[in-house]
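A.B. asks: how does the following fold in three dimensions:
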Amino acid sequence: MITATADILTLGKEAPLKEARHKGMFSNPAVAKEAGSMKFRNKNGFSLIEFSIALFMVTIVLLGMAAHLGTSLKVSSHDRNYTTASNLLQDKMETIRQLNYLQVLNGSDSVAKNGVTFNRNWTCSTNGNLKTVALSITWGSKVINSSLVLAER
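C.D. replies: Numbering: from 1, shown residues only. Predicted coordinates:
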């Protein structure tokens, strides 16, 4: 039976073992002889099981990344379209603000950007000398609504 501790036997090195033998750390000569003949071998390469486990782990990581990539592309496309729609709605609001009070009427138009068609609609309602313009923009199944109040000048 070997009673050597882990700090005396180092992997792949015999110097601490010889030093321990010389310092009398092994009191039983049979133990010292057996410990001296024991060698830790450094195996080069991987076994089939180690390779299979590593391949499985890499596959799990890559599948997770692929799923995340698909979601990221969807979100990015949605955000780009939402930003484009917001900008187009803001542009129409600025155009209506620049018009004369009497020129502001109901209307609609379509704008194609980035391969997507955006439909803008605006309706006017008058209350005394105030005109409220309700604007909406649609693309696909998405809608953004806004309103604008104009006063007669």
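
A.B. asks: could you pull out the helices for this structure?
C.D. replies: 15-22, 29-37, 48-98 (DSSP state H).

A.B. asks: which per-residue confidence value corresponds to Gly128?
C.D. replies: The score at Gly128 is 88. That number is its pLDDT.

A.B. asks: with Ser77 instead?
C.D. replies: The model reports Ser77 with a pLDDT of 88.

A.B. asks: sorry, back to before: now the helices of the chain as CSV including mean neighbour count?
C.D. replies: C-betas here are computed from N, CA, C, even on glycine. Compiled in CSV, the helices of the chain are given as follows (neighbours: other C-beta atoms under 10 Å):
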stretch, mean neighbour count
helix 15-22, 14
helix 29-37, 13
helix 48-98, 12
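
A.B. asks: quick one: closest of these to Leu130.
C.D. replies: Each of those was checked against Leu130 via C-beta to C-beta, and the shortest separation belongs to helix 48-98, namely 13.9 Å.
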